[in-house]
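Q: Sharing a model that was predicted from the sequence below.
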Amino acid sequence: MIDLERHSRHILLPQVGADGQKRISESRVLCVGAGGLGSPVIQYLAAAGIGHLTIVDDDNVELSNLQRQVIHRSSDVGMPKAESAKHFVSNLDPNISVESKVVRLNEENAESLFEGHDLVIDGTDNIPTRYLIDDTCYKMGITWIYGSVYRFEGQVSVFNLNGGPIYRDLFPDAPPDELIPSCSEAGVLGVLPGLIGCIQASEAIKVILGIGNPLSGKLLIYDTLESSQRILNFGTPISEQVEVPSPSAKEMMFNSIDSAEAIAKMNDGWEPYFIDVRSQNEWEQARISKAVYLCPHDEILSALEQIPKNKEILVHCRSGMRSQLAIMQLIEAGYDGSKMYNLSGGILDWAETNPEGIIQG
């Protein structure tokens with residue numbers, strides 16, 4: 001039974017109406033993580049009247065979480081986040097069926113946890129878990145909503161929607177987990193997870209209702225310092241890849257190469273245009289002797305006149321993620337993806353492989 005008074009503002013919308021609200025109330029959503037991203041996702045999906053929420057998180061609430069994980073309170077410190085989130089949802093709307101799972105998502109339990117859900121939402125803060133979510137959702141035919149935050153920048157996308165692109169189409173290779181700093185290591189603007197999580201919740205409702213244009217095959221990047229956002233297009237629908245015997249989207253998009261391979265190729269005469277897309281401050285602290293610095297990754301389109309189209313291009317950042325985004329923008333600008341190489345592991349891997357090739361200061 002729909003609570004007409006509670007959801008009257010939704011029902012007034014012609015794109016939603018009573019039928020749409022009924023669809024929301026019948027949906028089953030699983031949120032992996034009840035932290036910075038999971039908090040606004042859980043808060044707004046519960047407020048929207050999602051019929052069932054499963055919350056998966058094995059962490060406990062800590063005082064430092066309260067800067068951004070807004071569904072938890074000081075009195076919840078020490079409590080499992082999944083349980084704290086469950087209490088929040090029940091207090092907000094006791095009509096919602098909510099289940100807490102105080103476990104860590106892994107290869108052994110992923111399928112059993114995801115089974116019976118219409119949608120999975122990523123509220124995690126580590127790369128390997130996202131690949132596990134992607135692989136499991138692809139195998140089970142479940143759409144999932146991706147979100148990530150780093151300092152002042154956030155990203156959102158929708159994967160595996162109606163056979164659309166998956167996470168591996170956007171990021172074919174994962175850098176080692178230890179090379180990706182967490183919020184506790186790199187810091188994060190407290191309001192940023194709220195912004196990104198709200199966008200994730202919005203995308204989830206759009207997918208459930210079948211309205212608007214979800215971010216399938218699109219990566220939204222939001223910069224809080226510049227109050228700007230941009231959308232990168234990527235990928236080819238999986239159904240098209242199956243029907244046509246051609247290379248997959250991840251093979252066609254760009255190449256990935258590690259430091260050992262790149263150094264060996266260079267020793268054999270390979271001369272790519274080697275770009276560093278970290279910040280100016282990072283470049284000044286330490287840099288690869290063979291690389292040139294033009295601008296940060298999010299300003300790469302301002303340097304197109306200096307980037308040749310007739311050469312192979314090798315791009316690097318700290319660990320290999322920002323360089324992937326820079327390459328995506330170059331491909332959008334007309335560069336040939338087959339000539340683009342992302343240095344997986346970035347300068348951190350290069351320093352470990354070839355320390356004498358690093359210039360300090």
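A: Received the coordinates, thanks.
Q: in the stretch 101-250 of the chain, which segments are predicted with low confidence?
A: The stretch 101-250 of the chain contains residues with pLDDT under 70 at 173-186, 235-250.
Q: in it, which spans are helices?
A: Using DSSP state H, counting those that start in this stretch, the helices found in the stretch 101-250 of the chain span residues 110-114, 127-140, 167-170, 183-186, 191-209, 238-243, 249-253.
Q: Tell me which of these lies nearest to residue 73.
A: Closest to residue 73 of the helices of the stretch 101-250 of the chain is helix 191-209 (C-beta to C-beta; 16.0 Å). Where C-beta positions appear, they are placed from N, C-alpha and C, glycine not excepted.
Q: what packs against the closest one?
A: Contacts defined by 3 or more C-beta pairs under 8 Å, 6 or more residues apart in numbering; DSSP states H and E place helix 191-209 against helix 17-25, helix 38-48, strand 119-122, strand 143-150, strand 153-159, strand 218-223.
Q: if we go to 10 Å?
A: The contact analysis (3 or more C-beta pairs under 10 Å, 6 or more residues apart in numbering; DSSP states H and E) places helix 191-209 against helix 17-25, strand 28-32, helix 38-48, strand 119-122, strand 143-150, strand 153-159, strand 218-223.
Q: Report the residue ranges of every domain in the protein.
A: As given by automatic domain parsing, the domain ranges for the chain are 8-243, 254-360.
Q: Could you check how far residue 195 is from residue 155?
A: Using C-beta to C-beta, to the nearest Å, residue 195 is found at 11 Å from residue 155.
Q: one step back: in TSV, list the domains of the chain along with mean neighbour count.
A: Below are the domains of the chain laid out as TSV (neighbours: other C-beta atoms under 10 Å):
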stretch	mean neighbour count
domain 8-243	19
domain 254-360	18
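Q: about what we covered before: residue 285: which of the helices of the stretch 101-250 of the chain is closest?
A: Nearest to residue 285, of all the helices of the stretch 101-250 of the chain, is helix 183-186, at 15.2 Å by C-beta to C-beta.
Q: In space, what's closest to residue 287 - neighbours in sequence excluded?
A: If you skip the residues right next to it in sequence, residue 287 has residue 359 as its closest partner in space, 5.2 Å away by C-beta to C-beta, 6 or more residues apart in numbering.
Q: That neighbour is in contact with residue 350, isn't it?
A: No: at 11.5 Å, residue 359 and residue 350 do not qualify as touching, with contact defined as C-beta atoms under 10 Å.
Q: Are there residues contacting both of these two? Which ones?
A: Shared contacts of residue 359 and residue 350 (C-beta atoms under 10 Å, 6 or more residues apart in numbering): 287, 288, 289, 291.
Q: Mind picking the one among these that's closest to residue 169?
A: Proximity of the shared contacts of residue 359 and residue 350 to residue 169 (C-beta to C-beta) peaks at residue 291, which lies at 27.0 Å.
Q: Would you list the phi and psi of the closest one?
A: When quoted as degrees, to the nearest 10, the phi and psi of residue 291 stand at phi -90, psi 160.
Q: Having no further points to raise, I will conclude here.
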